[in-house]
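Chemist: Any chance you can model this:
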Amino acid sequence: MFALVDCNNFYASCEEVFTPSLAKHPLVILSNNDGCVIARSKKAKELGIKMGDPAFLYKDRKEIRMLSSNFALYADMSERVMQTLESFSPNMEIYSIDEAFFLLEENLAFEEECLRMRSKVKQWTGIPISIGVAPTKTLAKLANHSAKKNQTGVSVLTEPEKIREILEKTAPHEIWGLAKASEERLRAKQIYTAAQLRDAPDSLIQSALGLMGLKTALELRSIPCFPLEEEISKRQSIVCSRSFSEKVTDRAVLEEAIAAFASRAAEKLREQESRAAFLSVFIRTSPFAKPFESRSCHVTLPIPSDYTPELIRLSKEALARILTPGVAYKKAGVMLGDFSDAGSLQTDLFAPSQDNPKKNALMQTIDRINRRYDKEQVHSAAMGLKRQWRSARSSATPNFTTSWSDIPVIRD
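Modeler: Next up, the predicted model:
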């Protein structure tokens, strides 16, 4: 039996764990540069605040609390929740920062087990969760939606009549994996509910939605088609970019930003034990600027690399080719692609070897220090010290769980 755990209002819940007084007010979390709403507490949702709303709409609302995003805190809290869940089932797929699928044994009392799970996660991390249980991952998603409306926070969807009742109330676009465009194609075939989709002929479903759509319909029939993906697949490309809090015209500041993006991308590359043979740098002005300018430069590496100084050097050279003096840029970024496994490097007989044990050891040591203490505790001088290009985060909370200086202190 599949179960889906979803952390309730996750970003807001993380903030409320360390600042309990926030739970008394509608709380919204803002995007980079504090531009728009990316997460809301339950009370904020009840006020009608929507995802993507501009922050300025609510800046004069005294009853609303607005915080800058603190992704270091959210990522660490997510890891704590997932580690707690692993004590219940070793077969788990981490689906997103706040969601995980896992398998439950058939002979369990599902509701009791899920209530134990909720209690333990709440006690150990402070994060409230909802749990949906069903014979397939697609049905578990629907069960989880029901769980969010229950006082218990748990919904077990195993009885055929109960499954049909929910499917009859569910529109196709509300089904995991289907979008609005899919719903329009189904309406053309007189399919308006998830129950009608489940009961439709296979040939009709496949003609409208393809093979993946047919698998979704089979899942609605309680036939598992999507197994747990316990191994995280490697990314095919890595992009690190940022919108600046203010327009940037200074070349040195842009170079520092590009160096920081290349460094972070290289770190992610080493995390998945890959090397990149393609690098791209892009810079853009504000979309409201006249004229709008967006330029990029692509570089093919003769030998795939994950060595930070090399990727920084190439990124700065690429930036120099596309930079227009005097233009005010609002966003920049670095993309890495064309990956190969670090352990199976294809060398070039006529090019100097990049597989240098000292360089590899240096990168591993720096990564280990930064993981243990703090991001960018050790970093390239090319990234600069002032970081004038950083996004505005005027209301960010401390990194309560990942920085020694920010750990809360209990006083008598």
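Chemist: Only C-alpha atoms from now on, for both contacts and neighbour counts.
Modeler: Noted.
Chemist: so where do the helices sit in the stretch 151-300 of the chain?
Modeler: Taking DSSP state H, counting those that start in this stretch to define them, one finds helices in the stretch 151-300 of the chain at 160-168, 180-187, 194-199, 202-220, 251-271.
Chemist: Same question for the stretch 1-150 of the chain.
Modeler: Assignment of helices within the stretch 1-150 of the chain using DSSP H, counting those that start in this stretch yields the ranges 10-18, 42-46, 71-85, 110-125, 137-149.
Chemist: contacting residues around the fourth one?
Modeler: In this case it means helix 110-125. Contacts to helix 110-125, defined as C-alpha atoms under 8 Å, 6 or more residues apart in numbering, come from residues 77, 80-81, 84-85, 88, 104, 127-131, 133, 152, 154-156.
Chemist: and the angle for it with helix 71-85?
Modeler: In terms of direction (axes from the mean of the first three to the mean of the last three C-alpha atoms, to 10 degrees), helix 110-125 departs from helix 71-85 by 140 degrees.
Chemist: And the first one, by the same measure?
Modeler: Relative orientation of helix 10-18 versus helix 71-85 (the same axes, to 10 degrees): 90 degrees.
Chemist: What residues sit buried inside helix 10-18?
Modeler: Buried residues in helix 10-18, counting neighbours by 16 or more other C-alpha atoms under 10 Å, are found at 10-16.
Chemist: right, and the pair among the residues you listed with maximum separation?
Modeler: Distance extremes for these: the farthest pair is 10 and 16 at 9.8 Å, using C-alpha to C-alpha.
Chemist: Span of stretch 216-229 from start to end?
Modeler: Its first and final residues considered, stretch 216-229 spans 16 Å by C-alpha to C-alpha, to the nearest Å.
Chemist: Make TSV from the buried residues of helix 10-18 and add pLDDT and distance to residue 92 to it.
Modeler: Formatted as TSV, the entries for those read as follows, by pLDDT from 0 to 100; distance: C-alpha to C-alpha, whole Å:
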residue	pLDDT	distance to residue 92
10	96	19
11	95	22
12	96	25
13	97	23
14	96	22
15	96	26
16	96	27
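Chemist: Turn the residues you listed into a markdown table, columns for distance to residue 58.
Modeler: Listed next are those as a markdown table, based on distance: C-alpha to C-alpha, whole Å:
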| residue | distance to residue 58 |
| --- | --- |
| 10 | 21 |
| 11 | 19 |
| 12 | 17 |
| 13 | 20 |
| 14 | 21 |
| 15 | 19 |
| 16 | 20 |
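Chemist: got a pLDDT number for residue 129?
Modeler: Here, the pLDDT recorded for residue 129 equals 97.
Chemist: can you check residue 162 too?
Modeler: The predicted local confidence for residue 162 comes out at a pLDDT of 94.
Chemist: for residue 92, same thing?
Modeler: In the prediction, the pLDDT value recorded for residue 92 is 90.
Chemist: Neighbours of the residue nearest to it when sequence neighbours are not counted, how many?
Modeler: If you skip the residues right next to it in sequence, residue 92 has residue 102 as its closest partner in space, 4.1 Å away by C-alpha to C-alpha, 6 or more residues apart in numbering. Using other C-alpha atoms under 10 Å, residue 102 is surrounded by 25 other residues.
Chemist: Quick check, residue 102 in contact with residue 89.
Modeler: Yes - contact criterion C-alpha atoms under 8 Å: residue 102 and residue 89 qualify, at 6.8 Å.
Chemist: got any residues that touch both of the two?
Modeler: With C-alpha under 8 Å, 6+ apart as the test, residue 102 and residue 89 reach no residue in common.
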